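1. Provide a 3D model corresponding to the input given below.
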Amino acid sequence: MAQAARKSDTTKSVAERVGELDWSGAKHALSERGYAITAPILSREECASLSALYDDVSRFRSHIVMERYRFGIGDYKYFANPLPELVAELRSSVYPHLAEVANQWAEALGEKSLRYPRDHAAFLKVCHQAGQTKPTPLMLHYEAGGYNCLHQDLYGEVSFPLQMVFLLGQQGRDWEGGEFILVEQQPRAQSKPQVVLADCGQAIIFTTRYRPVKGSRGYYRVNLRHGVSRVHSGTRYTLGIIFHDAK
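-> Okay, the predicted model is just below:
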């Protein structure tokens with residue numbers, strides 16, 4: 001019965017699947033801990049089709065080998081325009097839900113002049129006016145021994161405070177190790193690491209840079225960085241969706 005239900009879900013459009021997610025729960029989790037894990041959005045077949053794009057050089061605008069820049073061990077590629085249809089649909093259909101969170105966070109932090117438009121195309125116009133015209137969705141690839149150092153994905157003056165990563169395989173089946181890591185750095189306190197586990201086709205939505213936390217004197221910013229622990233065996237592919245474009 002569960003398999004039959006899953007098959008019927010994949011006949012729905014990406015926008016329909018995204019719309020049916022528990023966004024109330026996701027928004028609460030984002031505010032409480034800086035990340036949320038969705039129900040599966042992509043099927044195994046869709047995950048495999050995305051992974052298969054990695055060797056098609058015509059689909060990408062840039063290839064980064066992490067060792068060259070001391071980012072870690074592994075590599076990643078930024079998609080070129082036009083984005084693959086599935087990637088573009090994920091980016092445009094998730095954005096409106098997260099724009100609500102982004103605007104709530106901006107208000108809590110007193111950023112009164114900062115408002116994110118409801119439509120992703122309108123937000124991209126803001127990026128392009130700032131000279132940020134390069135698409136940022138990317139595929140990341142690790143073999144045994146690979147890892148990604150803690151970092152933040154900021155590509156210019158304009159940024160969006162949330163992003164997401166999709167696991168395109170399954171830990172324990174396609175690779176061992178390679179956990180997604182978040183480290184939160186609170187003022188005057190030790191950093192707090194978190195290991196975030198998800199299944200194939202699920203998205204981990206997380207804070208790009210900082211999130212608001214309520215204190216005795218109002219809200220303050222809590223900084224967050226993310227990375228990937230060492231892969232012990234197998235091959236790990238993920239799809240990263242960043243909502244702002246790059247210079």
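2. need the contact list for the closest residue to residue 171 other than its chain neighbours.
-> The spatially closest residue to residue 171, leaving aside those adjacent along the chain, is residue 178, at 6.4 Å (Cβ to Cβ, 6 or more residues apart in numbering). (Glycine included, C-beta is placed from N, CA and C.) Neighbouring residues of residue 178 by Cβ atoms under 8 Å, 6 or more residues apart in numbering: 142, 146, 147, 171, 228, 229, 230, 231, 232, 236.
3. Then residue 199?
-> By Cβ under 8 Å, 6+ apart, the neighbours of residue 199 are 40, 167, 170.
4. repeat that with 6 Å
-> With Cβ atoms under 6 Å, 6 or more residues apart in numbering as the criterion, no residue contacts residue 199.
5. What of residue 151?
-> Residues near residue 151 by Cβ under 6 Å, 6+ apart: residue 225.
6. And for residue 242?
-> 136, 153, 163.
7. Tell me the first helix or strand C-terminal of the helix or strand of the chain with the lowest mean pLDDT.
-> Ranked by mean pLDDT, DSSP states H and E, the weakest helix or strand in the chain is helix 2-10, scoring a mean of 47. Sequence-wise, the next helix or strand downstream of helix 2-10 (DSSP states H and E) is helix 14-19.
8. could you pull out the helices for this protein?
-> Counting by DSSP state H, the chain has these helices, from start to end: 2-10, 14-19, 23-33, 44-52, 66-69, 85-108, 120-129.
9. With mean neighbour count added, can I get the ones you listed in CSV?
-> Output for the helices of the chain, formatted as CSV (neighbours: other Cβ atoms under 10 Å):
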stretch, mean neighbour count
helix 2-10, 10
helix 14-19, 17
helix 23-33, 16
helix 44-52, 16
helix 66-69, 12
helix 85-108, 18
helix 120-129, 16
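10. Okay, now the unreliable bits of the protein?
-> For the chain, applying pLDDT under 70 flags the ranges 1-10.
11. what pairs with the residue nearest the centre of the chain across the strands?
-> For the chain, the residue sitting closest to the mean C-alpha position, by Cα atoms, centre = their mean, is residue 164 at 1.7 Å. Beta-bridge partners recorded for residue 164 (DSSP bridges): residue 205, residue 241.
12. rewinding a little: where's the residue nearest to residue 171 relative to residue 164, distance?
-> Taking Cβ to Cβ, to the nearest Å as the measure, residue 178 falls 17 Å from residue 164.
13. and if you look at residue 12?
-> If you go by Cβ to Cβ, the gap between residue 12 and residue 164 works out to 19 Å.
14. Which residues does stretch 54-62 contact?
-> Counting by Cβ under 6 Å, 6+ apart, residues outside stretch 54-62 touching it are 53, 77, 78, 79, 80, 139.
15. Pull it out as PDB, backbone CA atoms only.
-> This file holds the C-alpha atoms of stretch 54-62, laid out as PDB (Å, rounded to 0.1, in the frame of the first residue of the first chain):
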ATOM      1  CA  TYR A  54      26.900  15.000 -13.600                       C
ATOM      2  CA  ASP A  55      29.000  13.800 -16.500                       C
ATOM      3  CA  ASP A  56      27.200  16.000 -19.100                       C
ATOM      4  CA  VAL A  57      29.500  19.000 -19.300                       C
ATOM      5  CA  SER A  58      27.000  20.900 -21.400                       C
ATOM      6  CA  ARG A  59      24.600  21.300 -18.400                       C
ATOM      7  CA  PHE A  60      27.000  23.100 -16.200                       C
ATOM      8  CA  ARG A  61      28.700  26.500 -16.100                       C
ATOM      9  CA  SER A  62      31.500  25.800 -13.600                       C
END
